[in-house]
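S.K.: What follows is a predicted protein model with its sequence.
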Amino acid sequence: EDQVTQSPEALRLQEGESSSLNCSYTVSGLRGLFWYRQDPGKGPEFLFTLYSAGEEKEKERLKATLTKKESFLHITAPKPEDSATYLCAVGDNQGGKLIFGQGTELSVKP
Amino acid sequence: GAGVSQSPRYKVAKRGQDVALRCDPISGHVSLFWYQQALGQGPEFLTYFQNEAQLDKSGLPSDRFFAERPEGSVSTLKIQRTQQEDSAVYLCASSSDYSNQPQHFGDGTRLSIL
């Protein structure tokens, strides 16, 4: 059964303190791994898609990496506006649905 | 262009009432998805459409849940005889295909069953 586990559940950082969020997954056939950001009261906002092990993508202070078993979202020198819940999801090759993790709630204090 | 639009944003209903939630996808997107999100959890898949065809409804929790997309554009999620456990945020997403393109989400409908 496809499964996604994110850690930690919550992360508090000081502004400028770099860190990483983890997404471990098991999937029968990986179609893609997706990272989303979700602000309170809003829908998930797409950040990255990773398709194969070794792939990396960057956007501003965020960098996503992928191995055969997990993905990391690295946050470099975060700012308070990076505070949000970060969701990881996998799509398998059996259809269109995404399987989401429970999310990591990131809080960045000035 | 406009993103995915959902209405209403908030819905309060009494237990036993029927509710209908609407989703307007991004124009031209052939695939449309419904998810349910409980507080503090990630979204859980309910069902998806490619154009007007419902290709997967394996996530619908019971036969009280019904979704349709008759003209391959707007979709409606209907819940009959609502129960308290149906209280959640219902998210709609659309994508330009069902495989590798990312799904883009609306802001959801928050459903509260009293």
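M.R.: Arrived safely, thanks for sending. Numbering: from 1, shown residues only, chains lettered A, B, ... in the order given.
S.K.: right, is the helix or strand that contains A:Thr65 up against chain B?
M.R.: Here A:Thr65 sits within strand A:62-66, counting by DSSP states H and E. No. Applying C-beta under 8 Å from any C-beta of the partner chain, one finds strand A:62-66 out of contact with chain B, separated by at least 12.8 Å. C-beta: built from backbone N, CA, C; applies to glycine.
S.K.: just stretch A:81-90 next, same as before
M.R.: Yes. Using C-beta under 8 Å from any C-beta, stretch A:81-90 reaches chain B at A:Leu87, A:Ala89.
S.K.: buried set for that stretch?
M.R.: A:Asp82, A:Ser83, A:Ala84, A:Thr85, A:Tyr86, A:Leu87, A:Cys88, A:Ala89, A:Val90 (16 or more other C-beta atoms under 10 Å in any protein chain shown).
S.K.: packing partners for the strand holding A:Thr65?
M.R.: strand A:45-50, strand A:56-59, strand A:70-75 (3 or more C-beta pairs under 8 Å, 6 or more residues apart in numbering or on different chains; DSSP states H and E).
S.K.: Of those, which is nearest chain B?
M.R.: Comparing the helices and strands packed on strand A:62-66 against chain B with C-beta to the nearest C-beta, the closest turns out to be strand A:45-50 (4.5 Å).
S.K.: mean confidence score for stretch B:10-23?
M.R.: Average pLDDT, stretch B:10-23: 98.
S.K.: picking up where we left off before, reformat the helices and strands packed on strand A:62-66 into a markdown table and put mean neighbour count, mean pLDDT and distance to A:Lys97 next to each item.
M.R.: Listed next are the helices and strands packed on strand A:62-66 as a markdown table, based on neighbours: other C-beta atoms under 10 Å in any protein chain shown; pLDDT from 0 to 100; distance: least, C-beta to C-beta, whole Å:
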| stretch | mean neighbour count | mean pLDDT | distance to A:Lys97 |
| --- | --- | --- | --- |
| strand A:45-50 | 19 | 96 | 15 |
| strand A:56-59 | 12 | 96 | 22 |
| strand A:70-75 | 20 | 98 | 18 |
